[in-house]
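> Dropping a prediction and its sequence here:
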Amino acid sequence: MTLTTGPSPSSAVVPDPTAAVVQDGSLVVAAAPEAAGLQPPTAVLPTARPRLVQLVLRVLLPIALVVLWWWATRPGGWVRPQVLAAPGQVWTTFADLAGSGVLWDNLSASLQRAATGLLIGGTIGLSLGVLTGFAKLGEELLDPTLQMLRTIPFLALGPLFIVWFGIGETPKVVLIAVATAFPLYLNTYAGVRSVDRRSLEAARVFGLSRLALVRRVVVPAALPGLLVGLRVALGVSLLGLIFAEQINTTQGIGYLMTSAMAFFQTDVMVVCILVYALWGLLADLLVRLLEHLLMPWRRTHARTRAGAR
Amino acid sequence: MSGPLAVRISGAEKSFGGRPVLAGVDLDIAAGEFVALLGRSGSGKTTLLRVLLGLEQLDAGAALVPDRRTAVFQEPRLIESTRVLGNVLLGQRPTAARRDAARAALAEVGLEAHAGAWPSTLSGGEAQRVALARALVREPELLLLDEPFAALDALTRLTTQGLVAELCRRHRPAVLLVTHDVEEAILLADRIVVLTDGRMGLDVRIDDPAARRRDHPAFTALRGRLLAELGVPVAA
């Protein structure tokens, strides 16, 4: 008796007790004496759940939390509105603030501060990271100092910046710039350091200038680290913003929150917190989009491979 | 030796951490000559090649090389973030003429259809052929090959060796092939030099094309001679 090497179409039609047959797409080995005691390999890797089930599982906890919030803050619940506003109240307040334009005015003021600070701090962090990562001289000259300064909690600089730059926009922007420069510096430096030395050698051999080397080889290779830095910087910029906007401001989400505190408006506070949360979420999405756009060579290889042929 | 030179190395010395790797190497390579450099592991073959590329500095002695020199390394060393065509053009201003030349070079290695592909989508052999196209597109006067076939599988190695032989015949650069594969050296080179203890040992010229045929007695004899120089005992 012989074992067939694979399923043949005819064996599915005419059952052959010695042949492997395909049933419902799975290989079933008909009982043959010499195959007694054999069994199909058990799946070693967990199988993925259906997408719908995945989605339900993902939203289960957030929905439960909102329900709990709603239940706790209902009239006669355990939490009084002075402590935490009910979801319905928060929604109404949000609609009011959004409708009257108050929310947008304050949000745009905050966004502008964060963007300016991030742009300045990011540029500085990125340039210093490339410089110290790429040039030995830059590292020796700058890295020890930067590592030392990095350990200072940037929020501690707030009062000093107010003394230096007054109470206008400048201290706020500078604070955010300082806060964002370090995560970008550290991650860019690490990214540049991890660039494959052999690729650098090859590029040098083929006559790339130092500037071209940075632009064509070093920065692309450091991009993953750089974008991690950007992600951290975006988070830190929000932190700096909240701090900066609680002192001497007349506009911004932080101002909205501080003034709500004076009147125990927990609904406004919760709206502000949710705005911050949404902001963080969108910032993360932005970085992911950037990852996709800036590193096309990292996209699913199967597709490019098929496209190349 | 007559004709212009492509490489002149005289009295080259180089040591790493007190250990001499090159101890007075002399080597001339004529323009258009294909030289294979054999040597045991750690004998300084790659160091010598890196000196010629400007990646290492000599402690003493001198090395002279032509202006246009390129290299293919053991690994393809392509830039991940640049498409295949961009890798072939690396370091050159991408004019229309150069783009055409790069496409032609890719066609020569049989990869013209992959010009727009990302390096990470290529197989090892394909990537090495791109590296070869990148080295040839500049029409080098000196082509330095650092064990370019070592990382390839046996079948790909044979076809790539054939391709290199063919392309070198067509473009006639001076070639220095660093390898530890004696048969590869005999099949490809016009001349084989062996680096032993930091100095040039054997220096043989292959004048008889028959010696390149694996089944020819001259091939076996030369192979035995080279292996003996490399310290590998061969059964007769």
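Nice, I can see it. Numbers count the residues shown, from 1 in each chain, chains lettered A, B, ... in the order given.
> How many neighbouring residues does the residue of the stretch 151-300 of chain A found nearest chain B have?
Scanning the stretch 151-300 of chain A for the residue nearest chain B gives residue A:220, at 3.2 Å (criterion: Cβ to the nearest Cβ). For glycine as for every other residue, the C-beta is placed from the backbone atoms N, C-alpha and C. When neighbours are counted by other Cβ atoms under 10 Å in any protein chain shown, residue A:220 registers 19.
> mind checking how far it is from residue A:294?
As judged by Cβ to Cβ, to the nearest Å, residue A:220 and residue A:294 stand 8 Å apart.
> got it, and residue A:93?
Distance of residue A:93 to residue A:294, computed by Cβ to Cβ: 39 Å.
> More neighbours: which of those two?
Between residue A:93 and residue A:294, counted using other Cβ under 10 Å, the more crowded position is residue A:93 (20 against 15).
> Which strand or helix spans the more buried one?
If you go by DSSP states H and E, residue A:93 is part of helix A:87-100.
> who touches that helix?
Identification of contacts with helix A:87-100 by Cβ atoms under 8 Å, 6 or more residues apart in numbering or on different chains yields A:66, A:69-70, A:73, A:81, A:85, A:103-104, A:256, A:265, A:267-268, A:270-271, A:274.
> Could you find the closest non-adjacent residue to residue 187?
Chain wasn't specified; assuming chain A. residue A:229 (2.9 Å; Cβ to Cβ, 6 or more residues apart in numbering or on different chains).
> that's the wrong chain, I meant chain B
residue B:212 (5.5 Å).
> Phi and psi next, for the nearest residue to residue A:297 once chain neighbours are set aside.
Leaving aside its sequence neighbours, residue A:297 sits nearest to residue B:118 (Cβ to Cβ, 6+ apart; 4.2 Å). Per-residue torsions, residue B:118: phi -80, psi 140 (degrees, to the nearest 10).
> shaky segments in the chain?
I went with chain A, as the question did not name one. Chain A contains residues with pLDDT under 70 at A:1-31, A:300-309.
> other chain: chain B
Ranges of chain B meeting pLDDT under 70: B:1-2, B:235-236.
> Three-state assignment for the residue nearest the centre of chain B, please.
Centroid check for chain B by Cα atoms, centre = their mean gives residue B:145 as the closest residue, at 2.0 Å. Secondary structure assignment for residue B:145 (DSSP: H, G, I helix; E, B strand; the rest coil): strand.
> Excluding residues flanking it in the chain, which one is nearest it?
Distance criterion Cβ to Cβ, 6+ apart; nearest residue to residue B:145, sequence neighbours excluded, is residue B:177 at 4.4 Å.
> Likewise for residue A:292?
The nearest residue in space to residue A:292 (Cβ to Cβ, 6+ apart) is residue A:299, at 7.0 Å.
> Now do that neighbour against residue A:92, distance only.
44 Å.
> now do residue B:232
In terms of Cβ to Cβ, residue B:232 sits 88 Å off from residue A:92.
> do the same with residue A:152
Taken as Cβ to Cβ, the span from residue A:152 to residue A:92 is 43 Å.
> Compare these two (neighbour count), which wins?
Taking neighbours as other Cβ under 10 Å, residue A:152 and residue A:92 compare with residue A:92 leading, 14 against 11.
> and the next helix or strand after the helix holding residue A:93 with helix A:87-100, angle?
Using DSSP H and E, the helix or strand that follows helix A:87-100 towards the C-terminus is helix A:102-134. Angular relation of helix A:102-134 and helix A:87-100 on a 0 to 180 degree scale: 90 degrees, by axes from the mean of the first three to the mean of the last three Cα atoms, to 10 degrees.
> for helix A:102-134, packing partners?
Using 3 or more Cβ pairs under 8 Å, 6 or more residues apart in numbering or on different chains; DSSP states H and E, the elements in contact with helix A:102-134 are helix A:87-100, helix A:136-150, helix A:170-193, helix A:219-244, helix A:253-262, helix A:266-294.
> Tell me which of the ones you listed sits nearest to residue B:165.
Residue B:165 lies closest, by Cβ to Cβ, to one member of the helices and strands packed on helix A:102-134: helix A:219-244, at 34.0 Å.
> So which elements touch the closest one?
Helices and strands touching helix A:219-244, as assessed by 3+ Cβ pairs under 8 Å, 6+ apart, comprise helix A:102-134, helix A:170-193, helix A:253-262, helix A:266-294.
> how deep is residue 229 tucked in, by neighbour count?
Defaulting to chain A. Neighbours around residue A:229, by other Cβ under 10 Å: 28.
> let's do chain B instead
Number of residues near residue B:229 (other Cβ under 10 Å) recorded here: 19.
> dump the residue contacts of it.
Residue B:229 is in contact with B:38, B:194, B:196, B:201, B:202, counting by Cβ under 8 Å, 6+ apart.
> Can you get me a residue count around residue 189?
Reading this off chain A. Counted with other Cβ under 10 Å, residue A:189 comes out at 29.
> my question was about chain B
Using other Cβ under 10 Å, residue B:189 has 25 other residues around it.
> do residue B:36 as well
For residue B:36, the neighbour count with other Cβ under 10 Å is 26.
> For residue B:72, give the beta-bridge partners.
Under DSSP bridges, the beta-bridge partners of residue B:72 are residue B:145.
> ditto for residue B:193
According to DSSP bridges, the partner residues bridging residue B:193 are residue B:37, residue B:203.
> what's the distance between it and residue B:32?
Residue B:193 sits 17 Å away from residue B:32, taking Cβ to Cβ as the criterion.
> neighbour-wise, which of these two wins?
A count of neighbours by other Cβ under 10 Å puts residue B:193 above the other of residue B:193 and residue B:32, at 22 against 16.
> Provide a list of residues in contact with that one.
B:27, B:35, B:36, B:37, B:38, B:200, B:201, B:202, B:203, B:204.
> Just the buried residues of those.
B:27, B:35, B:36, B:37, B:38, B:200, B:204 (16 or more other Cβ atoms under 10 Å in any protein chain shown).
> does the first one sit in a helix or strand, and which one?
Assessed by DSSP H and E, residue B:27 sits inside strand B:19-30.
> And that strand, what does it pack against?
Applying 3+ Cβ pairs under 8 Å, 6+ apart, we find strand B:19-30 packed against strand B:5-16, helix B:45-53, strand B:60-64, strand B:174-178, strand B:199-205.
> That strand vs strand B:60-64, what angle?
30 degrees.
> partners of strand B:19-30, with directions?
Here, using DSSP bridges, strand B:19-30 pairs with strand B:5-16 (antiparallel).
> Mind listing residues that contact the strand it pairs with?
B:20-33, B:44, B:47-48, B:51-52, B:56, B:58-66, B:141-142, B:173-174, B:176.
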